[in-house]
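just a sequence and a predicted model for now, questions to come.
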There are 2 protein chains.
Amino acid sequence: MTTDYRFLKACRNEPVDVTPVWLMRQAGRYLSEYRSVRSKVSFLELCKSPELCTEVSIQPIDILGVDAAIMFSDILVPIEPMGMKLDFNPAPVFEKPIRSQADVDALRVIDPEADVPYVMETIKMLRRELEGRVPLIGFSGAPFTLISYMVEGGGSKSFMKLKGMMFNQPEVYRNLMEKVTETVIRYLKAQTAAGAQALQIFDTWGGILSPGDYLNFVLPYTMRVIQAVKTPEVPIINFVGNSQGIMPLVAQAGGDVIGVDWRIDMAEARRQVGKEKAVQGNLDPIALLANPAEIDKRVKEIIVAAGDTGHIFNLGHGIVPETPPDHVKALVDSVHKHGVSHRVK
Amino acid sequence: MTTDYRFLKACRNEPVDVTPVWLMRQAGRYLSEYRSVRSKVSFLELCKSPELCTEVSIQPIDILGVDAAIMFSDILVPIEPMGMKLDFNPAPVFEKPIRSQADVDALRVIDPEADVPYVMETIKMLRRELEGRVPLIGFSGAPFTLISYMVEGGGSKSFMKLKGMMFNQPEVYRNLMEKVTETVIRYLKAQTAAGAQALQIFDTWGGILSPGDYLNFVLPYTMRVIQAVKTPEVPIINFVGNSQGIMPLVAQAGGDVIGVDWRIDMAEARRQVGKEKAVQGNLDPIALLANPAEIDKRVKEIIVAAGDTGHIFNLGHGIVPETPPDHVKALVDSVHKHGVSHRVK
């Protein structure tokens, strides 16, 4: 099996022919082909169908020409079998959020092969379909982002319940983080076993905290996941949303690749992350609403700022549904046009 | 008239007896005394009554012992007389948002004394009431934050309409910013004339942009406001929300004091801002849900990190309504307890 994909080489900080690109939420509502699949089933039914997950995961490879596929799923999929009923309306909702030690005690750590077999089946199907084309990225939410939904009961603006637990019931918080961390470790190991060729950890909400709170309440758990899951073969991408105030801590938590939010200059992010790790990012997803000439200009700036090796082009966050697909295609073409400075000389 | 208030001295980077403290949204729903006033009138009626604005502005001085008052108002108050019907439900809503050059052309630059006389009257009443107690802060939204509501029609998660205008109709964007910048300049000058002793510019949404876009599309307008409004007597506080990735640019835009978000370490913020300006901040507002012992510990850490002079203690954003008032009082007491290291020796 080839490991010579430009995406995997960039993850390892090795020279590449062209800067690789994939996009967070590249399989999603902005694509009519996705909406067509999605119209037949509920969101959770889609997540639990290996055939349909495989189909929508491959769509952006065919349509856009990106350099990696990411398995289609939702970060909350492994939380449901921990014992929490999950709905999407369309935002995720847990009817009975975690608020006490008794709630934490009632949760179980999952056995991925038994509890979320459809995820492992999706990975196996995708590997068969994608072999020789592009590598496959598996993923999990980071423990902190996962418990933010479990404690808040859904999305939040100020994360009062979550921070309230952290500040006033730190033992309950840590016990909850322990259980979710163990679930995440098992979930990611199972993905590697099923054939994932890289793993991304999404800590979408890691950037809501002060640096001191991130260091104390989040970093140890992310670090433990990365330490437990890492292998020489499967690079790990550590993405934290809104992380521009905590980049050195995010790098300290670990990962071969550090995901970079758009609200920091890529050259500055590179400086803070250091030369040993690769970086991934960091176009403002809303910049995809701009015309292709403007997108092209921004792509070039980011590629120059990221430096010579170890850069995977991506957005600073996921594609929004209102994005014109032809702009996304233009972005991919721009990356492949400008990203030749790293060609092996 | 005294200018010897510790708040004003800290704004000027001069030694103080004790670190001064005030809190964004210190007059607000978390106080039962505020809710009692508010229950009798609509939010806009409250904003347009100098007597009631004066009453609620003084409440936190009496109850908490903070070192400065801020006039009670809403950042959108000067936008209504530009020609945009404003409602609160309870979030602000503009029924007819700005989407075209024709919409911009229909806006008028305000004459503050004629268009928002109640704001100037509030300032005069507050000065009479507060003389010899604490200084009075006036304020305005920054042009960028004001137009974010004008273009989006209200709050937003991804600011697609605003960024869409910026990227695809840059001339319309700049023409709108010009008109709002001129309104902000007149509004702040009128506040100084009415007696405001310091001015805060709230750029709540300045931190949604990449550094390059902030530099190009926001900084020139904030800088122009500060250049036009500044006087030797009235210090200017430049607060940008979520600014941890653009601190040097925020400092470059100007102001005697730079407001600091909680998502950056205060020592790092101080380093990026430089020693010449004062800093204001930066406790996570949700940390006020923690017990007073935990609040005390965090206050001390921030005071130590901020350094020897030129620090005004504040939150990194406004107080949330769920905050227990006795925790806020404990915070103020902690600042006054720990903030004695700057005592004139």
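Received the coordinates, thanks.

surely residue A:146 forms part of a helix?
Yes. Assessed with DSSP: H, G, I helix; E, B strand; the rest coil, residue A:146 lies in a helix.

burial count for it?
26 (other C-beta atoms under 10 Å in any protein chain shown). Where you see a C-beta, it was placed from the backbone N, CA and C, and this is true even at glycine.

ok, now residue A:150?
Residue A:150 has 27 nearby residues by other C-beta under 10 Å.

where's it, which helix or strand?
helix A:143-152 (DSSP states H and E).

phi, psi of the most centrally placed residue in chain A?
Taking C-alpha atoms, centre = their mean, the centroid of chain A lies closest to residue A:202, which sits 4.0 Å from it. Main-chain dihedrals, residue A:202, degrees, to the nearest 10: phi -100, psi 110.

what sits closest to it if chain neighbours are left out?
Once flanking residues are discounted, residue A:202 sits nearest to residue A:141: 5.2 Å by C-beta to C-beta, 6 or more residues apart in numbering or on different chains.

was I right about the one you found contacting residue A:204?
Yes. With contact defined as C-beta atoms under 8 Å, residue A:141 counts as touching residue A:204 (7.3 Å).

any common contacting residues for these two?
residue A:75 (C-beta atoms under 8 Å, 6 or more residues apart in numbering or on different chains).

okay, the two: which has more neighbours?
Taking other C-beta under 10 Å, residue A:141 and residue A:204 do not tie; residue A:141 has more neighbours (24 against 21).

phi and psi next, for that one.
Torsion angles, degrees, to the nearest 10, at residue A:141: phi -70, psi 150.

show me what contacts it?
A:75-76, A:184, A:201-204.

and the helix holding residue A:150 with chain B, contact?
No. Helix A:143-152 does not reach chain B (C-beta under 8 Å from any C-beta of the partner chain); its nearest approach is 12.1 Å.

tell me which strands and helices that helix is in contact with?
strand A:92-94, helix A:160-168, helix A:170-194, strand A:198-203, helix A:219-229 (3 or more C-beta pairs under 8 Å, 6 or more residues apart in numbering or on different chains; DSSP states H and E).

quick one, which of the ones you listed is packed in tightest?
Highest mean neighbour count of those: strand A:198-203, a mean of 25 (counted as mean count of other C-beta atoms under 10 Å in any protein chain shown).

ok, then the element right after that one?
The element immediately downstream of strand A:198-203 (helix or strand, assigned by DSSP H and E) is helix A:211-217.

do me a favour and get the end-to-end distance for stretch A:99-111?
One end of stretch A:99-111 sits 24 Å from the other (C-alpha to C-alpha, to the nearest Å).

check contacts around the residue nearest to residue A:208 when sequence neighbours are not counted.
Excluding its sequence neighbours, the residue lying closest to residue A:208 (C-beta to C-beta, 6+ apart) is residue A:159, at 5.5 Å. By C-beta under 8 Å, 6+ apart, the contact set of residue A:159 is A:148, A:152, A:205, A:208, B:286.

pLDDT value on the fourth one, please?
To tie it back to what came earlier, the one meant is residue A:208. Looking at residue A:208, its pLDDT reads 98.

list the residues that contact it.
By C-beta under 8 Å, 6+ apart, the contact list for residue A:208 reads A:159, A:242, B:263.

how much space between it and residue A:160?
Remark: distance between residue A:208 and residue A:160 (C-beta to C-beta, to the nearest Å) = 11 Å.

then the third one?
Distance of residue A:205 to residue A:160, given as C-beta to C-beta: 13 Å.

so what secondary structure elements neighbour the lowest-mean-pLDDT helix or strand in chain A?
In chain A, no helix or strand scores lower on mean pLDDT, DSSP states H and E than strand A:86-88, which sits at a mean of 93. Judged by 3+ C-beta pairs under 8 Å, 6+ apart, strand A:86-88 is in contact with helix A:43-47, strand A:92-94.

quick one: residue A:336 and residue A:18 touch, right?
Yes. Here residue A:336 lies in contact with residue A:18, judged by C-beta under 8 Å, at a distance of 5.4 Å.

hmm, back to that, out of the contacts of residue A:159, who's the most crowded?
Busiest of these [other C-beta under 10 Å] is residue B:286, holding 28 neighbours.

contacting residues for that residue?
Applying C-beta under 8 Å, 6+ apart to residue B:286 gives the contacts A:158-160, A:163-164, A:167, B:320.

swap in 6 Å and give it another go.
By C-beta atoms under 6 Å, 6 or more residues apart in numbering or on different chains, the contact set of residue B:286 is A:158, A:160, A:163.

report the secondary structure state of the first one.
What that stands for is residue A:158. coil.

per-residue pLDDT of it, please?
pLDDT recorded at residue A:158 is 94.

quick one: the closest residue to residue A:211 other than its chain neighbours from residue A:4, how far?
Nearest non-adjacent residue to residue A:211, counting by C-beta to C-beta, 6+ apart: residue B:265, 4.6 Å away. Distance of residue B:265 to residue A:4, computed by C-beta to C-beta: 41 Å.

okay, the two: which has more neighbours?
residue B:265 (22 against 9).

wait, that one sits on residue A:209?
No. Shown here, residue B:265 and residue A:209 do not form a contact pair, counting by C-beta atoms under 6 Å, at 11.5 Å.

give me the common contacts of those two.
With contacts defined as C-beta under 6 Å, 6+ apart, no residue is adjacent to both residue B:265 and residue A:209.

hang on, the earlier thing: tell me which of the contacts of residue A:141 is nearest to residue B:301?
residue A:203 (23.7 Å; C-beta to C-beta).

flag every residue of the stretch 201-345 of chain A that's near chain B.
A:210-211, A:244-245, A:262-265, A:284, A:286, A:289-290, A:294, A:320 (C-beta under 6 Å from any C-beta of the partner chain).

for these, which entry has the maximal number of neighbours?
Neighbour-wise, these (other C-beta under 10 Å) top out at residue A:244, 31 neighbours.

now do the contacts for it.
A:261, A:263-264, B:244-245 are the contacts of residue A:244 under C-beta under 6 Å, 6+ apart.

do the same with residue A:115
The contact partners of residue A:115, taken as C-beta under 6 Å, 6+ apart, are residue A:81.

excluding chain neighbours, what is closest to the residue of the stretch 1-150 of chain A found nearest chain B?
Going by C-beta to the nearest C-beta, chain B is nearest to residue A:91 of the stretch 1-150 of chain A, at 10.9 Å. In space, and not counting its chain neighbours, residue A:91 is closest to residue A:155: 5.4 Å by C-beta to C-beta, 6+ apart.

that neighbour is in what secondary structure piece?
Per DSSP H and E, there is no helix or strand for residue A:155.

try residue A:9
helix A:6-11.

what's in contact with that helix?
Contacts for helix A:6-11 (C-beta under 6 Å, 6+ apart): A:16, A:20, A:67-68, A:135, A:235, A:256-257, A:278, A:312.

these: which two are farthest apart?
Applying C-beta to C-beta across these, the maximum distance is between A:67 and A:256, 16.1 Å.

ok, now which ones touch the residue of the stretch 51-200 of chain A found nearest chain B?
Nearest to chain B in the stretch 51-200 of chain A, going by C-beta to the nearest C-beta, is residue A:167, at a distance of 3.7 Å. By C-beta under 6 Å, 6+ apart, the contact list for residue A:167 reads B:290, B:294.

roughly how far does it sit from residue A:209?
According to C-beta to C-beta, residue A:167 and residue A:209 sit 11 Å apart.

gap between the least confident helix or strand of chain A and the chain center?
Computed by C-alpha atoms, centre = their mean, to the nearest Å, the separation of strand A:86-88 from the middle of its chain amounts to 20 Å.

tell me the strands beside that strand, with direction?
strand A:92-94 (antiparallel) (DSSP bridges).
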